[in-house]
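Undergrad: Predicted structure and sequence below. I'll ask about it afterward.
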Amino acid sequence: MINKFHCRINISILILAATLWGSPMFAAGFEGKIVNRQISIPLYSLMQQSPVDVPGSVNREKLASQLFTKSPEELLKIAKSHGDVVEHRSEIFLKGNKFRVDTEEDGEKISIIYNAETGEMITLLWGSKTAMVTSVKEVSSQMSDMQKKMKEAMGQYAEMMEKYQDQMKNAPAEQRDPFNMKPTGKTRMIHDYKCELFKGTDSDGNYTYLWLTRDDAALFHSFIKVFSAMEKIGDKKNAAGKEEEFYRENKGFQVLSESISRDEVEIDELLEVIRQNVPDSLLVIPPGFQKRNMQEIINQQMKQFEQFQNQK
C-alpha cells in the first residue's frame, strides 16, 4: 500500500505544482512556497475494526457520507488511535521558469527540480547524495523501454497482461475511465477559497468527495496544460480523458479531495500559499552530490532484474 501511495504522491505533487505554476499569480512573477499534504488511512482504522473484520464489499457512498462530514484533522485523530497512517507534507518552491518539490519517502528527503524552459528534471536523493538528471522526453522513452524489457522478462505473464489490456480497450467507456463527478450545490470556505462539493468516482474508480473552487477561472488553463504534460510521461490519455473534461467544463481548481478505495481513505489537500524569496541555490544541484543520468540507473536496475529472472 505504501509504495503505491508514494507513487501517487509524486504524481499529485507535480500536478499541483504545475497547476499552481500556470495560474496568473505565478505567471505575473510570483515567487514563493506552496504547502501540500497527502494522507493515506487504512479503512479499518476509521471503522474501528481489525483488517480481517472489514467486509470485502463496503458501501463506499454511505461510508463517505459518515466519514467526510469530519475534517481531515478529525479523521487523522481517529485513525492514529486505531491504526496505521501515512502522512506526507510537501513544500513546492517556485521562481521564474523553475520549481522545486521537497518531500520524504521512507524517511529520506527527496527533491525534484524542474526547468520548464529546458524540460530538464533533477531528482535529488539526499540520503545517498545522488542527483539523477533526465528530461520529460527521456522519461517517456525510458518508461517505454522498461515496459518492453519487463514484458520480455515476464514471458507468458506478459501475454496475459496484453490480453487484459486488449480487453480493457474494448470495454465500455465507464470501465476504461470511471471518472464521474456530479455537483451537489453545497459550498464552504476551505483555506480562504470558496469551494463547491462534487461527489462521484475518480479515475481509479474510488468514491470521492472533491472540493473545487472557481475563485480563479484562469486555473482552468493550467489544468489543461498539466494533463497535456502528463500524457508525455507514460500512457495517460485514457486515464485523464474525463477528468480533463470535468475541469474544462467547470473551470475550477481542486483544493481538497477525499476518496475511499477498497481498503483505504486517501486525502489530498492544499494547505497554504506563501510569498517569499526563493534563493537560486535551491534550484540547482547542491555541492557534494554525485550527478548521474537516469538512463544509467534504469539500465542498472533492469540488469539486476534480468539476473534475478535468470536465477529462477
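TA: On my side now, so go ahead.

Undergrad: For stretch 89-101, measure first residue to last.
TA: From its first residue to its last, stretch 89-101 covers 10 Å (CA to CA, to the nearest Å).

Undergrad: For that stretch, list every residue counted as buried.
TA: By 16 or more other CB atoms under 10 Å, the buried positions in stretch 89-101 come out as 90-95, 98-101. C-betas here are computed from N, CA, C, even on glycine.

Undergrad: what's the average pLDDT for that stretch?
TA: The pLDDT scores in stretch 89-101 average 85.

Undergrad: from now on call the first residue 32
TA: Renumbered: residue one is now 32, and that last one reads stretch 120-132.

Undergrad: circling back: of all the buried residues of stretch 120-132, which comes closest to residue 307?
TA: Set against residue 307, the nearest of the buried residues of stretch 120-132 by CB to CB is residue 124 (8.8 Å).

Undergrad: what's near enough to touch the closest one?
TA: Neighbouring residues of residue 124 by CB atoms under 8 Å, 6 or more residues apart in numbering: 63-64, 130-133, 309, 313-314.

Undergrad: Kindly recompute the last result at 6 Å.
TA: Shown in contact with residue 124 (CB atoms under 6 Å, 6 or more residues apart in numbering): 64, 131, 309, 313.

Undergrad: In a markdown table: the residues you listed, plus secondary structure and distance to residue 232.
TA: Output for the contacts of residue 124, formatted as a markdown table (DSSP: H, G, I helix; E, B strand; the rest coil; distance: CB to CB, whole Å):
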| residue | secondary structure | distance to residue 232 |
| --- | --- | --- |
| 64 | strand | 33 |
| 131 | strand | 33 |
| 309 | coil | 38 |
| 313 | helix | 38 |
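
Undergrad: Find me the pLDDT at residue 109, would you?
TA: Confidence at residue 109, expressed as pLDDT, is 86.

Undergrad: what's the neighbour count on it?
TA: Using other CB atoms under 10 Å, residue 109 has 17 other residues around it.

Undergrad: Now the closest residue to it other than its chain neighbours, what are its backbone angles?
TA: Spatial nearest neighbour of residue 109, excluding adjacent residues (CB to CB, 6 or more residues apart in numbering): residue 77 at 5.9 Å. Backbone torsions for residue 77, taken as degrees, to the nearest 10, come to phi -90, psi -20.

Undergrad: Count the neighbours of residue 324 for me.
TA: For residue 324, the neighbour count with other CB under 10 Å is 12.
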